[in-house]
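1. Provide a 3D model corresponding to the input given below.
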Amino acid sequence: MKKNILSKNLKLVILSLFLLTSIVNISAYSIFEIYENNQGNFINNHDARSAAMGGTGTAGGFNLMDSNINPANLYYLNNEKEIQFNYSLIKNSENRALPMYNFFDSYVDESTYARNENFYNEFSFAAYKSFIINSSKINLGISYKPILNFYSDYQEEVRNDENSDADNYPPIIAKNFIESDGFLDSYSILLNYGNKYISIGTELSYLNGNYDIERRIHWSDYAHQAVGSGVLTDNISSTSNSLKGFSTKFGISSQINERIRLAVTYSPKITLDADLEVNGNTIESSDDYILASRLRFGMLFKPRNPFETNFQLDMEYIQNSDIDDLYDDTWSFYVGMEHYVGRAIPLRLGFRHEASIQDNSITLPVITAGTGFEITTNLHLDLAGEYGRREYKTLDLFLDSYYNHQNLWSGIEPTDRGWENPDKVTESFFKIFTSLTYKW
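-> Okay, here's the model as predicted:
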């Protein structure tokens, strides 16, 4: 009896901590996908169970939000009705450094000039109802979810070349900022028909959102005094884009036998209407905002085991050349495992590998883990965490020549650096997922 009370108290403590976390309204994400790729951060999945298993779920069908990966998964839910709420919180850390070379042009070290750590959050919701007809089921679902996140917050300081020692640094001549915000949201209807052999589903979505990007350079008081009054002016530019349109996704899943399930989904290229404003002025443009087509394959395998275990493998082909011929088509890979310790507590582990649309040599490997438990008879909580890290080289976000003004520099005047000496960027991501599901 005492053990059950302790177990319930522990669950309530964990749930309370995650609910407290969810009220924090903080936002930020990778500047690379938004400012340099001009695409926004694509949100792979929202469900904590599939997130803990590396983001797999094409052949899943365990939780309601798996249907947003593959609408055919609705058939495999064992309840007549289900509602699911999802919340996630991510920490993004970015470090930018200048490579350093000696007199003989040999690499020595790197000097960090900008470090940013920020947070952001996401929320999604889904509900469904099933209708049994003989040995088949027809399922109807609705969902809300963001599919692109445009939040970011980048800051850096610019110092001149005066000498420094242990107590003093060169003075700040300017501060640079890049800030963006906004989501592309999806409001979806999910339709599914299935029997014990095959399940077919589709997702019809209305997409609506906007994003704003602002780029600012503020000169310091020191710079104004050194150059002279009225010479330097702050540089501020802003872009606002409103997006709307429709999308579809098709999925099919087949139970080959009691241990193997295979599935495939296809999302055609999405073309969104875009209303662009630059510095507050509407710009007439025939360019649309395009999201690449995606083809995804999945397999679920349940081995013979005294305790319930399943393995999942997903592969996704993203045709980024739909957006621009300069972008690389890429493959993403997802691997996950779920094993029940005893007969009650699931242990979930996974791995995900993604490549950038700008350069498929820039990759993001991610490791994941999580678990879940019942709070009450019909209420279930899933938790997951993932960590990813990547390094890449890129050009300056703010060119050095802009700061080349008389009296600001005592030695060599700054010039723009090209790909012969790029910046080195190191990014890390830590994300927490929570999913609360009510079934009846």
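
2. Show me what the mean pLDDT comes to for stretch 64-81.
-> Over the span of stretch 64-81, the pLDDT mean works out to 92.

3. oh, I was asking about stretch 402-415
-> The predicted model assigns stretch 402-415 a mean pLDDT of 83.

4. mind checking the end-to-end distance for it?
-> Terminal residues of stretch 402-415 are spaced 9 Å apart (CA to CA, to the nearest Å).

5. tell me which residues in it are buried?
-> Buried residues in stretch 402-415, counting neighbours by 16 or more other CB atoms under 10 Å, are found at 403, 405, 408-409, 414. Every residue, glycine included, has its C-beta placed from N, CA and C.

6. likewise stretch 375-394?
-> 375, 380-384, 386, 388, 390, 392, 394.

7. who's the residue nearest to residue 234 when sequence neighbours are not counted bridged to?
-> Distances taken as CB to CB, 6 or more residues apart in numbering place residue 218 nearest to residue 234, at 5.1 Å, with adjacent residues excluded. In this structure, residue 218 has beta-bridge partners residue 175, where bridges are defined by DSSP bridges.

8. So residue 74: helix, strand or coil?
-> helix (DSSP: H, G, I helix; E, B strand; the rest coil).

9. what sits against it?
-> Residue 74 is in contact with 61, 64, 67, 128, 130, 139, 141, 190, 192, 194, 199, 201, counting by CB atoms under 8 Å, 6 or more residues apart in numbering.

10. Show the low-confidence segments of the stretch 201-350 of the chain, by residue range.
-> The model of the stretch 201-350 of the chain has pLDDT under 70 over residues 284-287, 343.

11. any chance you could map the helices in it?
-> 221-227 (DSSP state H, counting those that start in this stretch).

12. list the contacts for residue 156?
-> With contacts defined as CB under 8 Å, 6+ apart, the neighbours of residue 156 are 96, 113-114, 175-176, 397-398.

13. CA atoms only: put the strand or helix carrying it into CSV for me.
-> Using DSSP states H and E, the secondary-structure element containing residue 156 is strand 152-159. These are the backbone C-alpha positions of strand 152-159, laid out as CSV (Å, rounded to 0.1, in the frame of the first residue of the first chain):
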residue,chain,number,x,y,z
SER,A,152,15.5,33.3,-33.1
ASP,A,153,17.6,35.8,-31.1
TYR,A,154,21.2,36.5,-32.1
GLN,A,155,23.5,39.1,-30.6
GLU,A,156,27.1,40.0,-30.9
GLU,A,157,29.5,42.7,-29.9
VAL,A,158,32.0,44.4,-32.2
ARG,A,159,35.3,45.7,-30.7
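
14. What average pLDDT does it get?
-> Per-residue pLDDT over strand 152-159 has a mean of 90.

15. For residue 311, state which of the contacts of residue 74 is nearest.
-> residue 61 (14.5 Å; CB to CB).

16. Tell me which residues touch the closest one, please.
-> Contact partners of residue 61, counting by CB under 8 Å, 6+ apart, are 70, 72-77, 253, 261, 300.

17. Can you list the low-confidence ranges for the stretch 51-200 of the chain?
-> The stretch 51-200 of the chain contains residues with pLDDT under 70 at 101-109, 164-167.

18. and of the buried residues of stretch 375-394, the nearest to residue 92?
-> Nearest to residue 92 among the buried residues of stretch 375-394: residue 388, at 10.0 Å, using CB to CB.

19. Report the beta-bridge partners for the closest one.
-> Those that pair with residue 388 in a beta bridge, by DSSP bridges, are residue 366, residue 429.

20. Wait, it touches residue 363, no?
-> No: Residue 388 sits out of contact with residue 363 when judged by CB atoms under 8 Å, with a separation of 9.8 Å.

21. Show me the contact partners of stretch 124-138.
-> With CB under 8 Å, 6+ apart, stretch 124-138 has contacts from 46, 64-65, 67-68, 74-75, 77, 79-86, 139-146, 190, 192-196.

22. Please apply the same query to stretch 317-336.
-> The list of residues contacting stretch 317-336 from outside it, by CB under 8 Å, 6+ apart, reads 39, 50, 52-56, 269, 290-296, 311-316, 348-360, 368.

23. how long is that stretch end to end?
-> For stretch 317-336, the end-to-end distance is 18 Å (CA to CA).

24. tell me which residues in that stretch are buried?
-> Counting neighbours by 16+ other CB under 10 Å, the buried set in stretch 317-336 is 318, 320, 322-323, 327, 330, 332-336.

25. Which of those residues fall within strands?
-> Mapping the buried residues of stretch 317-336 onto strands (DSSP state E) picks out 318, 330, 332-336.

26. contacting residues for residue 233?
-> By CB under 8 Å, 6+ apart, the residues touching residue 233 are residue 219.

27. what's the distance between it and residue 172?
-> Summarising the geometry, the distance separating residue 233 from residue 172, computed by CB to CB, to the nearest Å, is 17 Å.

28. quick one on the thing from earlier: list only buried entries from the contacts of residue 156.
-> Members of the contacts of residue 156 that pass the buried threshold by neighbour count (16+ other CB under 10 Å) are listed as 96, 114, 176, 397-398.

29. Might one say that residue 203 is in contact with residue 187?
-> No: applying CB under 8 Å as the test, residue 203 and residue 187 come out as separate, 10.9 Å apart.

30. Pick out whichever of those two has more residues nearby.
-> Neighbour count, other CB atoms under 10 Å: between residue 203 and residue 187, residue 203 has more, with 26 against 13.

31. which residues pair with that one across the strands?
-> Beta bridges link residue 203 to residue 190, residue 249 when assigned by DSSP bridges.

32. what about stretch 42-62, start to end distance?
-> Across stretch 42-62, the terminal residues are separated by 23 Å (CA to CA).

33. And for stretch 400-413?
-> By CA to CA, the extent of stretch 400-413 from end to end equals 9 Å.

34. Name the residues that touch that stretch?
-> 158, 160-162, 173-174, 217, 223, 226-228, 231-232, 235, 414-417.

35. For PyMOL, write the select line for the buried members of those residues.
-> Selecting only the buried entries of the contacts of stretch 400-413 in PyMOL, with 16+ other CB under 10 Å as the criterion:
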select buried, resi 158+160+173+174+217+223+226+227+232+414+417
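
36. one step back: just put the buried ones among the contacts of residue 156 in CSV and tack on distance to residue 281 and secondary structure.
-> Formatted as CSV, the entries for the buried ones among the contacts of residue 156 read as follows, by distance: CB to CB, whole Å; DSSP: H, G, I helix; E, B strand; the rest coil:
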residue, distance to residue 281, secondary structure
96, 32, strand
114, 31, strand
176, 24, strand
397, 24, coil
398, 23, coil
